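Chemist: What shape does this take:
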Amino acid sequence: MNHAPQRWSQAVVVPDMWLDPEEDPRDTGEPDPVGEAQTYQRYLRDYRQTLQLKCQGLDAEQLARRSVPPSTMSLLGLLRHLGEVERDWRNWITSGELLARIYGPHDADFDQAVPEPGCVAQALEVLDAEQRATDQELARYQDLGQSIGREHITVRELQVHRIEEYARHCGHADLLRECIDGRIGQ
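Modeler: Numbering: from 1, shown residues only. Next up is the predicted model:
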């Protein structure tokens, strides 16, 4: 990268935020969640939306840009990686035949994130489908302390792990996006 982009935020009312509250899809005005399961669902939803927001408005080249050399990480790679991770979690919690990796061998999710609109569209479709499938599988279990699947992981531990994974990658997305066009905000 030859130049550092000018730092900016789209927010005006709260300038250190990504968007002002009235424009932020995460700020729904819903009452706080009641109970542990609902709290996990809300945090996961918000982190998923944060990742989507960090990717909005960028073209395929920008999404695939590896902004922090020599890392292979890119926003597109993160989308692909999280689709792969959602599938992997489903493999942990089922007893049936293992589902194959989506993008190929280890690190293919990042290494093969190429700046093509078709690659971006596929990554978004796969991530959405894998999130829905994992959510649907986990919805079968009401007892958060229940150990499930071949990994014998508790529903609670998996939910916390999912939140942690998305939160960590949203931090990466913050830095990647800032390197691409200077946009900042929580």
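Chemist: how about the strands in the chain?
Modeler: The residue ranges that make up the strands of the chain, judged by DSSP state E, are 147-148, 153-154.
Chemist: looking at the protein, which helix or strand does the model trust least?
Modeler: Every helix and strand of the chain was ranked by mean pLDDT, DSSP states H and E. The lowest is helix 108-111, at a mean of 94.
Chemist: circling back to that earlier point, would you mind giving the strands of the chain as CSV with mean neighbour count added?
Modeler: C-beta: built from backbone N, CA, C; applies to glycine. Rendered in CSV, the data for the strands of the chain read as follows (neighbours: other Cβ atoms under 10 Å):
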stretch, mean neighbour count
strand 147-148, 16
strand 153-154, 16
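Chemist: Could I get these in JSON lines, plus columns for distance to Val85?
Modeler: Rendered in JSON lines, the data for those read as follows (distance: least, Cβ to Cβ, whole Å):
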{"stretch": "strand 147-148", "distance to Val85": "17"}
{"stretch": "strand 153-154", "distance to Val85": "14"}
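Chemist: closest one to His106 among those?
Modeler: Between His106 and the strands of the chain, the shortest gap by Cβ to Cβ is with strand 153-154, which sits at 21.0 Å.
Chemist: which helices and strands does that closest one pack with?
Modeler: Counting contacts by 3 or more Cβ pairs under 8 Å, 6 or more residues apart in numbering; DSSP states H and E, strand 153-154 packs against strand 147-148.
Chemist: Any chance of TSV for the strands of the chain, columns distance to Tyr43 and mean pLDDT?
Modeler: Compiled in TSV, the strands of the chain are given as follows (distance: least, Cβ to Cβ, whole Å; pLDDT from 0 to 100):
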stretch	distance to Tyr43	mean pLDDT
strand 147-148	20	97
strand 153-154	17	96
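Chemist: Asp107: which of those strands is closest?
Modeler: Comparison of those against Asp107 by Cβ to Cβ identifies strand 153-154 as nearest, at 23.8 Å.
Chemist: got the phi/psi numbers for Lys182?
Modeler: That one is not Lys; residue 182 is Gly. Here the main-chain torsion angles of Gly182 (degrees, to the nearest 10) amount to phi 90, psi 0.
Chemist: Could you check how many residues crowd around it?
Modeler: Other residues lying near Gly182 total 13 when counted by other Cβ atoms under 10 Å.
Chemist: picking that back up, now the least confident helix or strand of the chain: buried residues?
Modeler: Neighbour counts using 16 or more other Cβ atoms under 10 Å place 108-110 of helix 108-111 among the buried residues.
Chemist: Now flag whichever of these is closest to Glu164.
Modeler: Using Cβ to Cβ, Asp109 is the member of the buried residues of helix 108-111 that lies nearest Glu164, at 18.3 Å.
Chemist: on that earlier part again, closest to Glu22 out of the strands of the chain?
Modeler: Comparing those against Glu22 with Cβ to Cβ, the closest turns out to be strand 153-154 (38.6 Å).
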